[in-house]
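>>> Need coordinates for the following:
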Amino acid sequence: MTTANSFEKGLRILDLFREDRLEWTAEEMMEELGYPRPTLYRYIRTLRDAGLLTALSGAGFTLGPRVVEFDYLMRKSDQLVTRSQPHLEALTAAWPCTALAVRWYGQRILCVASECSTPNPLSSYPRGRPMPLARGAISRSIIAFLPRAQMQQMIEQNLAEFGQVGLGKTAAEIAERFREVRRAGHAVAYGEVTPGVVGIAAPVFDGARAPVASLCVTIAGSTLTGERIEEIAAHVRRAAEEVTKALSPARAIPPGGQVPGDCGADGAGTMAAQGPAEAAT
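Residues are numbered from 1 along each chain as shown. From the prediction side, this is the model:
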């Protein structure tokens, strides 16, 4: 067994924990993962000693306090969080809304920072809770700026759900809707994630001009007119552009996990050379 394989198997244990399954026993882990008992217990012991797992009184396990420590360090060190914070505060000062900075990684989009200027947050997805990949303005604002082949793959993988929110019945129709988002520079969605709430989002790019995040305002639809939506969208676009400028000196690893400029089998690295306009047209 290689070190890399051992590391990946350890991560698979951590990946078991999710919102609808917060606790696991060792027996349940073995059944789910297929690890031999001695191997599983070795991984559990290592993760527990590192503070990543905590043993429960009922012989089960849940995530440990080290996760909270990592979260604290990330809030201090993640440039998306630190650079977005002033813009989130400005957006919530201008309108009664929730403003979010959302990072895309792997096949997930996740709120990493937010501010709210209403009595109740206008979002069903607080910091740390994964959001729907095929619904809402945030997802759309990122997918629309992917390289063409990658965008097409995302459309095909989520064709039914895109159709359910009215983006189109065919892959070609949905792709045209994404091109419209690209031309506008922002996405608007009406009640797709939280009923009665309008989402207005614009992409944030890394140093390789890959879309890695989104800034979004969620606001009660009853308070909006078409003119107000355009006003908010312009503010969100400017904020996203400022965050992009702040992040551009760093050559971040894009969502596919490949170092910018390296061309793998799927051609994901071509975006660094082409830039977003050429890659998705």
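>>> For the rest of this, base every contact and every neighbour count on C-alpha atoms.
OK.
>>> Confirm that I13 sits in a helix.
Yes. The assignment for I13 (DSSP: H, G, I helix; E, B strand; the rest coil) places it in a helix.
>>> how about the closest residue to it other than its chain neighbours, secondary structure?
Computed as Cα to Cα, 6 or more residues apart in numbering, the closest residue to I13 that is not its neighbour in sequence is M29, at 7.4 Å. Put simply, M29 is helix when judged by three-state DSSP.
>>> for G191, what are its contacts?
Contact criterion Cα atoms under 8 Å, 6 or more residues apart in numbering gives G136, V197, V198, G199 as the residues in contact with G191.
>>> With adjacent residues omitted, what lies nearest to the third one?
Leaving out its chain neighbours, the residue that sits closest to V198 by Cα to Cα, 6+ apart is Y190, at 4.6 Å.
>>> Could you measure from the residue nearest to I13 over to P36?
10 Å (Cα to Cα, to the nearest Å).
>>> ok, back up a step: distance-wise, check the residue nearest to V198 relative to F70.
35 Å.
>>> and if you look at R21?
Applying Cα to Cα, the value for R21 to F70 is 21 Å.
>>> T223 too?
Separation of T223 from F70 (Cα to Cα): 38 Å.
>>> Do a quick rundown of the helices in the stretch 151-281 of the chain.
Taking DSSP state H, counting those that start in this stretch as the test, the helices found in the stretch 151-281 of the chain are 159-164, 171-184, 226-247, 270-280.
>>> Figure out which of the ones you listed is closest to F61.
Proximity to F61, assessed across the helices of the stretch 151-281 of the chain by Cα to Cα, is greatest for helix 159-164 (34.3 Å).
>>> Show me the shaky parts of the protein.
Scanning the chain for pLDDT under 70 picks out the ranges 1-4, 249-281.
>>> Great, nothing more from me.
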